[in-house]
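Student: for reference, the sequence and a predicted model appear below.
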Amino acid sequence: MTLNRADYNAQPDLNNAIMKALMWKAVYCLISVVLLSCTALDKVKPETRIKNIIMIIGDGMGPQQVGLLLSYARQAPHSVIANRITALDRMMEQGRLGISMTYAADTLVTDSAASATQLATGKFVGAEMLGLDKDGNPQENIIEKAKRMGKATGLVSDTRITHATPAAFAAHQTHRSQENSIPEDLLATGADVMLSGGLSYWLPKSANDKNSSIHQQLLQMTGNSVEIKSSRKDDKNLLTIAQQKGYTLTFNKAQLQQATGKTLGLFADSGMANGIVETQNRDNILHTQPTLKEMSEQALEILGRNKQGFFLMIEAGQIDWAAHRNDTGLLLHEMLRFNDTLNGVLDWAENRQDTLIIVTADHETGGLGFSYSGENIPEPRSLPGAAFTDGALFQPNFNFGNPVVLDKIYAQQLSYHDIFSQFDKLPKDQQTPIKLTELVNRYTEFKINEAQALKILTTEANPLYRAGHISLGEKTVPKIDVNGAFFVYQKENRENLLAQAVASNQQVVWATGTHTSTPVFVFVKGEEQVMRPFAKILHHTRLGQLAIDALQK
Ligand code: MG
Ligand code: ZN
């Protein structure tokens, strides 16, 4: 067949048409491929999927406690913080900041149990309740939800595992004091990793008899790492039940570092070592108790193996204990322990897009602040600036505080609690103001005198004073009412009074021996979309709900 002209002319048209059709098809295919892959990406979202949530609670870590850490980092002449950059500075390089109100149901102020319950469940609850709503109905907590989703879960605290904060994430009890029942709740909820102190609530009462076979058996089991004494009212051995449920038991740092699966670590009979002791023993191989950072890192190592991800709560719980006692030096070391721990968590999460880190407090404790005073006002001095060349002197009316105070606060060698423990171990006739003066002046940089020591010992709560064993020459000193309504822990009144004695030299004021309603910070780091709702003025029920909602499969 020969093509005539028309045919010949027609052929390119046909070719054109085919080409056009092919082109459109190609474009269509291309668009489809892009659309399809976008849809697929939407479903998988590999970069934005939040697998893991790490919630870090500084108990009692209000804005002023954070402020103490930041002042120390930036202003202490000999700050131990590398490059003066805190873990919170690292958080905020890519993180976001919110603030949150902490009050419990129908109250102005909260305690730790209610606050942690509100974080764990997203629901309001009354003061001192655990894992219930405000009417007393048990509520699902974030650990229980995470488990339902197939995630691994963990609780880490430097207090004890049955104490209010960790307990609120796993137990359901009418009052936080029910520490005999809480271990059973913890085992029923079954977080994969539980690391803290509080062994005494897991041991049968009969273990208190040092000659009993159970006492010997427990000594062997714990490798002598923890004192064997029971706080239980019954003879249940909850360690055995934990083992039956598949937990590996660990009682010291070496055992913890071997742990790979479900792990229950109980490293002290009650609360773990305080922040000053931890600072002093960080490199001491004889100190077998893990640090909060070490516990957190091992928890991350274990939980990170779960392909579905995990939820981990880490509590720096002794910030609160230091603040109740108005012990500024101890508080700084607790904040440094928190800082170390958060640095460890940030290192673990470095370059991970699948992890949300939330750092907050359950409330503020102590009503703390650096404050300017009318005492020790600095001498006037000349300044080189142009405004001062006519002989005018730089002369503020008040003492605004010298940053050198921060180094002196750091230099405290013993907590106030441990100072008074040493004092109480002295023979009764040596428990005198002079002895207390010696102890305080040996272990802290803020010296007191005998008259101040007498005032500290002259509290309603001091039985020795009531018995008349303390005297200063011939003077009769009236009993001191420390306390007013806001110093409710009588045993700690001496510590609160010591804080008042050194207040003007420390440049530190403490308003209370309990908690305040001060809103707390919420630091978040993670994927932008997930972080954004946290950067608001929240309430802890809302914050808890946001964390629960952020759990993804
Ligand atoms: Mg706590
Ligand atoms: Zn407290």
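Tutor: Sure thing, it's come through. Ligands and ions are numbered 1, 2, ... in the order given.
Student: ok, whichever residue of the chain sits closest to ligand 1 - contacts?
Tutor: Per C-beta to the ion, residue 165 is where the chain lies closest to ligand 1, at 3.2 Å. From N, CA and C alone the C-beta is placed, and that goes for glycine too. Going by C-beta atoms under 8 Å, 6 or more residues apart in numbering, residue 165 touches 57, 59, 112, 113, 116, 157, 159, 313, 315, 317, 362.
Student: the second one touches residue 314, doesn't it?
Tutor: No. Residue 59 lies out of contact with residue 314 (C-beta atoms under 8 Å); the separation is 11.1 Å.
Student: tell me the mean pLDDT over the one helix or strand residue 407 maps to?
Tutor: Assigned by DSSP states H and E, residue 407 falls within helix 404-410. On average, the pLDDT along helix 404-410 is 98.
Student: please apply the same query to stretch 145-156.
Tutor: 98.
Student: and if you look at stretch 211-228?
Tutor: Computed over stretch 211-228, the average pLDDT equals 94.
Student: got it, and stretch 193-208?
Tutor: In this model, stretch 193-208 has an average pLDDT of 98.
Student: can you give me the domain boundaries for the chain?
Tutor: Following automatic domain parsing, the chain resolves into domains at 48-368+513-551, 420-508.
Student: from the ones you listed, which stretch is densest packed?
Tutor: Among the domains of the chain, ranked by average contacts under mean count of other C-beta atoms under 10 Å, first place goes to domain 48-368+513-551 (a mean of 21).
Student: just give me how far that one sits from the chain centre.
Tutor: 6 Å (C-alpha atoms, centre = their mean, to the nearest Å).
Student: looking at the contacts of residue 165, which is nearest residue 294?
Tutor: residue 157 (13.4 Å; C-beta to C-beta).
Student: that closest one contacts residue 167, correct?
Tutor: No. Contact criterion C-beta under 8 Å: residue 157 and residue 167 do not qualify, at 9.4 Å.
Student: quick check: the gap between the residue nearest to residue 51 when sequence neighbours are not counted and residue 260.
Tutor: Leaving aside its sequence neighbours, residue 51 sits nearest to residue 309 (C-beta to C-beta, 6 or more residues apart in numbering; 3.1 Å). Here residue 309 is placed at a distance of 18 Å from residue 260 (C-beta to C-beta, to the nearest Å).
Student: next one: residue 423
Tutor: Separation of residue 423 from residue 260 (C-beta to C-beta): 45 Å.
Student: before we move on, back to that, could you dump the contacts of residue 165 to CSV with distance to ligand 1?
Tutor: Converted to CSV, those look like this (distance: C-beta to the ion, whole Å):
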residue, distance to ligand 1
57, 7
59, 4
112, 4
113, 9
116, 7
157, 7
159, 6
313, 11
315, 6
317, 4
362, 7
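Student: list the ones among those residues that fall in helices.
Tutor: Residues of the contacts of residue 165 located in helices (DSSP state H): 112, 113, 116.
Student: excluding its backbone neighbours, what's nearest the last one?
Tutor: Just to be clear, that refers to residue 116. Closest residue to residue 116 apart from its sequence neighbours, by C-beta to C-beta, 6+ apart: residue 168 at 3.4 Å.
Student: residue 49 and residue 352 touch, don't they?
Tutor: No. When contacts are counted by C-beta under 8 Å, residue 49 is not listed as touching residue 352 (11.0 Å).
Student: excluding chain neighbours, what is closest to residue 408?
Tutor: Distances taken as C-beta to C-beta, 6+ apart place residue 445 nearest to residue 408, at 3.8 Å, with adjacent residues excluded.
Student: pull the contacting residues for the one you found.
Tutor: 408, 409, 411, 412.
Student: can you flag the buried ones in those residues?
Tutor: 408, 409, 412 (16 or more other C-beta atoms under 10 Å).
Student: residue 446 is in contact with the first one, correct?
Tutor: Going back to what we said before, that points to residue 408. Yes. Using C-beta under 8 Å, residue 408 makes contact with residue 446 at a distance of 6.8 Å.
Student: overlap in contacts of the two?
Tutor: Common neighbours of residue 408 and residue 446 are listed as residue 506 (criterion: C-beta under 8 Å, 6+ apart).
Student: surely residue 359 is within a strand?
Tutor: Yes. Judged by DSSP: H, G, I helix; E, B strand; the rest coil, residue 359 forms part of a strand.
Student: in contact with it, which residues?
Tutor: Applying C-beta under 8 Å, 6+ apart, we find residue 359 in contact with 55, 56, 58, 88, 91, 342, 521, 522, 523, 524.
Student: name the nearest residue to the fourth one, sequence neighbours excluded.
Tutor: What sits nearest to residue 88 in space, not counting adjacent residues and going by C-beta to C-beta, 6+ apart, is residue 523, at 6.2 Å.
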